[in-house]
Structure formats: C-alpha cells, structure tokens
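> pasting a predicted model and its sequence here:
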Amino acid sequence: MTEFKFGLIGGGVMGEALLSRLIAQKIYSPQDAIVSEPQAQRRAVLQQQYGVEVTDDNRKAAEVSEVLLLAVKPQILDAVISDLAALSLGDTPNPESETVIISILAGVPLSKLESAFLHRPVVRVMPNTPATVGAGISAIAAGKAVKPDHLERAQNILGAVGEVVEVPESLLDAVTGLSGSGPAYVALMVEALSDGGVAAGLPRAIASKLALQTVLGTAELLQQTGMHPAELKDRVTSPGGTTIAGVGKLEQAAFRSALIEAVKAACERSKELGR
Ligand SMILES: NC(=O)C1=CN([C@@H]2O[C@H](COP(=O)(O)OP(=O)(O)OC[C@H]3O[C@@H](n4cnc5c(N)ncnc54)[C@H](O)[C@@H]3O)[C@@H](O)[C@H]2O)C=CC1
Ligand SMILES: O=C(O)[C@@H]1CCC=N1
C-alpha cells in the first residue's frame, strides 16, 4: 500500500486553501497527499489542480496518513467519525508513528474528538482563508495525548500557511468569530468602499483597486509601525477636513459597534455548532 503522509477529509473551500499552500510550499509533495471528498466534481478539480490522489473513502485516506486534517462542516462530523470508527490510525507505542488528527471544525471541542478517536493525539485549530496565499493566521490548542513531536507536525503545517498562535481551547470560539470569520467582514468592507467610490463617480476598476490597496496598505502600516489604530485615525483626520466628515457618518451608522457585534455573534454561533 502507498504510504501517504498528509490526508485531507473534506476537499472544500478551507481544505483546498490549506492543501494548495502545502503543495506550493513543498511541505508535502502531491504524491504524499490524499484527499477524501464525496463530490466527484471536487475530486476531479483537486486531482487536476494539485496532482494529489483522491478518493471517496474516508478510511482509505485516514489509514495512510501521519497527519489527518478534518475539514468537513461540523454538521458532517458524526458521519466521518462513524466512517473512521475502529481504525487503528497508527496504533503504536511509538508516538512518532502515531497519526495526528488536526481538526479545523468551528466549535467542535477537543473532548468530543478525543472520545471519538479513542484518545488519539488531536490538535484543534482555527485557520482562515488568507492561508491560501501564505498570509493566514491560525490559533491552535493541543489535546491531552499530544506529544511535542505531534505538536511540531501541526505547527509545521500551519506555519507554512501563515502565523500560528497557541491559545487555551476555551478561546477558540472567540478566535473563530474574529480571525476565522474575519476575512468575510473585510471582504464586505472592500466591496462597500469600492461601491462608495463608484457612488462618488469613480470607474469600478479604479474604485476596486483603490479600496483594496487602502485596506492592504493600512494593515501593512499598522503592522510595520506597531502604531495603535486610534493614532492612525487621528493622523488621517485633518481638522475640519474630509476624513472627520466620513468618520462622523461611520459613527452615526454604528460601524464599530457592528463589527463588535459581528465578532460576538460568530463566536456564539461557533459555540452552538459545538453543542
Ligand atoms: N471557510 C472558512 O473560511 C473556514 C472554515 N473552517 C472550517 O472548515 C470546515 C469546512 O468548511 P468549508 O471548507 O468552508 O466548507 P465546504 O462545504 O466548502 O467544505 C466541506 C467539504 O466536505 C465535503 N464532505 C461532505 N461530507 C463529507 C464526508 N462525509 N466525508 C468527507 N468529506 C465530506 C464536502 O463535499 C465539501 O467539499 C468547517 O468545519 C469550518 O468550520 C475553519 C476556518 C475557516
Ligand atoms: O463560517 C464558518 O462557519 C467557517 C468557520 C470560520 C469561517 N468559516
């Protein structure tokens, strides 16, 4: 039997985001990766695009993997667990050859995964879609059976797609509400800024370019200088000028409160999904 090293269960949006970067960064070669995905069309895309082996049999992927990444929706987890029930998953006294299970499922607690996978090493992770271009950020929490070698394997994988922070598991729902879901909030903002530019008379292509680069450049400036966002806002707002007129409108529309509430709502939904 072929020995794979990286098994992906669920070749959807986030699974592909991680897979694509791991292959591009040569963390795993296509021959060392296998994806289990029930949709034939998705299997064909993944096989064609990345040269990986594909299957519709979760057990096949799990059996041959040193790292098994679970990337299905939380609602599908029970089906996956029953597929993988009783698999030995590298059952060995040597922790180095034991399969590490990495779950990126929003909300699903380590305790559920550990009891389903017979106390195997499980790492719970919340990544985000900028992982596709190596600009992701993942928060990770290690399960009880995770040894340093296992954690290193998980960190190597996530480190290849962006930054990694370790947090207590109790904070992962909050992470989900902020950085896991955050790319959608930022994408809405870029789209709305572009719409604003069009409303003010700019051609769409120029408005979109200005909107995107403004978000990118502002993030870069804050990161490189370590400046507090409030200080940057103060620097941009000239007395009696244009920016304070715009900021006034944002405050009137409760822009900041909307973002705070969005993060809180997504955190709550993550908790619900885990119940
Ligand atoms: N999309 C995102 O930005 C992020 C998603 N996540 C988590 O990643 C997981 C997947 O989310 P998405 O990629 O957005 O969803 P998705 O729906 O794009 O991908 C899920 C994939 O799993 C496949 N699937 C369905 N049943 C299956 C089964 N029984 N066995 C194997 N595969 C099966 C589906 O066909 C689909 O391709 C979720 O648990 C989500 O919480 C985490 C961080 C960010
Ligand atoms: O929307 C979701 O449920 C997933 C988890 C974080 C981002 N996407």
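Here it is on my side, so go on. Nothing here was measured: the structure is a model prediction, and the numbers come from that model. Ligands and ions are numbered 1, 2, ... in the order given.
> pick out the residue of the stretch 1-150 of the chain closest to ligand 2.
Sorted by distance to ligand 2 under C-beta to the nearest ligand atom, the residues of the stretch 1-150 of the chain start with residue 106, at 3.9 Å. In this view, the C-beta of every residue, glycine as well, is placed from N, C-alpha and C.
> burial measure for that residue, as a count.
With neighbours defined by other C-beta atoms under 10 Å, the count for residue 106 comes to 23.
> and the end-to-end length of stretch 129-138?
Across its full length, stretch 129-138 reaches 10 Å end to end, with C-alpha to C-alpha, to the nearest Å as the criterion.
> give me the mean pLDDT for stretch 137-146.
Per-region confidence: stretch 137-146 scores 96 on mean pLDDT.
> what does stretch 187-196 give?
Predicted confidence along stretch 187-196 averages 98 (mean pLDDT).
> before we move on, the earlier item: SS state for the residue of the stretch 1-150 of the chain closest to ligand 2?
At residue 106 the chain is in coil, as set by DSSP: H, G, I helix; E, B strand; the rest coil.
> that one is in contact with residue 72, isn't it?
No - contact between residue 106 and residue 72 fails when scored by C-beta atoms under 8 Å: they sit 11.1 Å apart.
> got phi/psi on the residue of the stretch 1-150 of the chain closest to ligand 2?
Residue 106 adopts backbone torsions of phi -60, psi 130, taken as degrees, to the nearest 10.
> residue contacts, it?
With contacts taken as C-beta atoms under 8 Å, 6 or more residues apart in numbering, residue 106 has the following neighbours: 74, 126, 173, 176, 180, 269-270, 273-274.
> distance-wise, check whatever residue of the stretch 101-250 of the chain ends up closest to ligand 1 relative to residue 25.
Using C-beta to the nearest ligand atom, the point where the stretch 101-250 of the chain gets nearest to ligand 1 is residue 106, with a distance of 3.3 Å. Computed as C-beta to C-beta, to the nearest Å, the residue 106 to residue 25 distance reads 25 Å.
> before we move on, what about residue 134?
Shown here: residue 134 relative to residue 25, a distance of 7 Å by C-beta to C-beta.
> ditto for residue 271
Distance, residue 271 to residue 25, by C-beta to C-beta: 33 Å.
> looking at these two, which one has more neighbours?
Taking other C-beta under 10 Å, residue 271 and residue 25 do not tie; residue 271 has more neighbours (17 against 13).
> just give the closest residue to that one, not the sequence neighbours.
Once its chain neighbours are removed from consideration, residue 271 has its nearest residue in residue 173; the separation is 5.0 Å (C-beta to C-beta, 6 or more residues apart in numbering).
> longest helix in the chain, by residue count?
helix 204-225 (DSSP state H).
> what's the helix or strand that it is followed by packed up against?
Secondary structure here is assigned by DSSP states H and E; on that basis, the next helix or strand after helix 204-225 toward the C-terminus is helix 229-236. Secondary structure elements in contact with helix 229-236, counted by 3 or more C-beta pairs under 8 Å, 6 or more residues apart in numbering; DSSP states H and E, are helix 204-225.
> which outside residues touch the helix it packs on?
Contacts with helix 204-225, where a contact means C-beta under 8 Å, 6+ apart, come from 186, 189-191, 193-198, 202, 227, 229, 232.
> please produce a markdown table containing those, extended by distance to ligand 1 and neighbour count.
Converted to a markdown table, the contacts of helix 204-225 look like this (distance: C-beta to the nearest ligand atom, whole Å; neighbours: other C-beta atoms under 10 Å):
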| residue | distance to ligand 1 | neighbour count |
| --- | --- | --- |
| 186 | 12 | 12 |
| 189 | 16 | 15 |
| 190 | 16 | 16 |
| 191 | 17 | 13 |
| 193 | 21 | 17 |
| 194 | 22 | 21 |
| 195 | 23 | 14 |
| 196 | 26 | 13 |
| 197 | 27 | 19 |
| 198 | 27 | 15 |
| 202 | 30 | 16 |
| 227 | 28 | 12 |
| 229 | 24 | 9 |
| 232 | 27 | 14 |
